[in-house]
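[1] What follows is a predicted structure for the sequence shown.
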Amino acid sequence: MSVFSVRDVSFSYGSKKALDRVSITLQPGRFCALLGPNGAGKSTLFNLLTGLFVPDEGSIEIAGADLSRAPRKALARLGVVFQQPTLDLDLSVRWNLSYFAALQGLSGSLANERIERALTRLSMAERADEKVRSLNGGHRRRMEIARALIHEPDVLLLDEPTVGLDAASRQSITDYVHELTDEGLTVFWATHLVDEILPGDDVVVLHGGRVLAHEQADKLAGEGTLLDAFMRLTGLSAESRSLEALT
Ligand code: ADP
């Protein structure tokens with residue numbers, strides 16, 4: 001059974017079509033990268049998946065629940081890390097997590113247990129009582145990931161989660177999120193950076209609001225590199241040169 005499926009979804013901003021009959025099915029426990037240049041439609045798709053926008057056409061199902069017919073059930077199975085940080089900088093790490101746990105309906109010893117587990121897993125237990133403001137960008141992102149996992153979702157969505165991080169933090173976050181799939185979590189990771197994708201990951205190439213490919217990264221790359229395959233599919237040489245510069 002798929003944990004997540006998008007079927008024939010289209011969405012327009014006025015006369016501008018941002019997504020055109022997009023279909024994507026994710027299998028449990030897989031890391032799937034949503035790879036596309038700026039303007040491809042990645043953020044629009046995330047806004048649809050999180051229920052902020054409603055598709056003009058098509059349907060979305062998360063862990064067997066239809067997002068438009070049973071939104072609470074569907075969204076309860078989803079963890080989300082948005083591109084823009086949404087932490088309260090003047091609250092401690094633990095308070096930020098407790099607050100979110102309460103919003104998810106978790107309280108008391110269950111919430112505390114989940115928070116402690118999340119902090120330990122992210123090697124942040126000793127910093128739990130510090131204000132978020134004192135953390136660097138990498139640690140803040142780790143915290144947001146921990147927070148998105150507190151209610152133990154089936155699927156974790158991350159919208160370009162390494163934007164603005166230094167190279168070491170970027171690598172550490174990318175590695176950490178890949179490891180989460182070993183525990184059965186399904187990950188959907190939007191990026192325009194091919195070096196965040198491992199050979200065994202699945203890749204959806206999105207360009208101009210359309211899915212151009214959905215395949216395992218090494219198969220998509222074939223004899224060449226993933227960047228070659230991406231350039232071939234999208235025909236974007238200038239864009240891909242800038243991608244290369246970032247890898
Ligand atoms: P990405 O996240 O891949 O950079 P977006 O989903 O932000 O892509 O954008 C997809 C397309 O929709 C782009 O052509 C963008 O210019 C357009 N778009 C995004 N937001 C709006 C908006 N609020 N109004 C009009 N057009 C928009």
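    Good, I have the coordinates.
[2] all contacts plus neighbour counts: C-alpha atoms, from now on.
    Fine.
[3] mind checking how far residue 139 is from residue 161?
    Relative to residue 161, residue 139 is positioned 12 Å away (CA to CA, to the nearest Å).
[4] Could you check which of those two has the larger neighbour count?
    The neighbour comparison of residue 139 against residue 161 (other CA atoms under 10 Å) goes to residue 161, with 24 against 18.
[5] Which residues are in contact with that one?
    By CA atoms under 8 Å, 6 or more residues apart in numbering, residue 161 lies in contact with 81-83, 141, 189-191.
[6] count of neighbours near the residue nearest to residue 59 when sequence neighbours are not counted?
    With sequence-adjacent residues excluded and distances taken as CA to CA, 6 or more residues apart in numbering, residue 59 is closest to residue 7, at 5.3 Å. Residue 7 is flanked by 16 other residues according to other CA under 10 Å.
[7] center of this protein, which residue is that?
    In the chain, the residue lying closest to the centroid (CA atoms, centre = their mean) is residue 158, at 1.8 Å.
[8] Domain map for this structure?
    With domains defined by automatic domain parsing, the chain comprises 4-77+153-242, 88-152.
[9] Figure out how far the last one is from the centre of its chain.
    Mean-position distance between domain 88-152 and its chain equals 18 Å (CA atoms, centre = their mean, to the nearest Å).
[10] Assign residue 40 to helix, strand or coil.
    Following DSSP: H, G, I helix; E, B strand; the rest coil, we place residue 40 in the coil state.
[11] so what's it up against?
    So residue 40 contacts 18, 206-210 (CA under 8 Å, 6+ apart).
[12] on that earlier part again, for the ligand, find the nearest of the domains of the chain.
    Closest to the ligand of the domains of the chain, according to CA to the nearest ligand atom: domain 4-77+153-242, at 3.3 Å.
[13] Does that closest one reach the ligand?
    Yes: contact between domain 4-77+153-242 and the ligand, assessed by CA under 6 Å from any ligand atom, occurs at 13, 18, 36-44.
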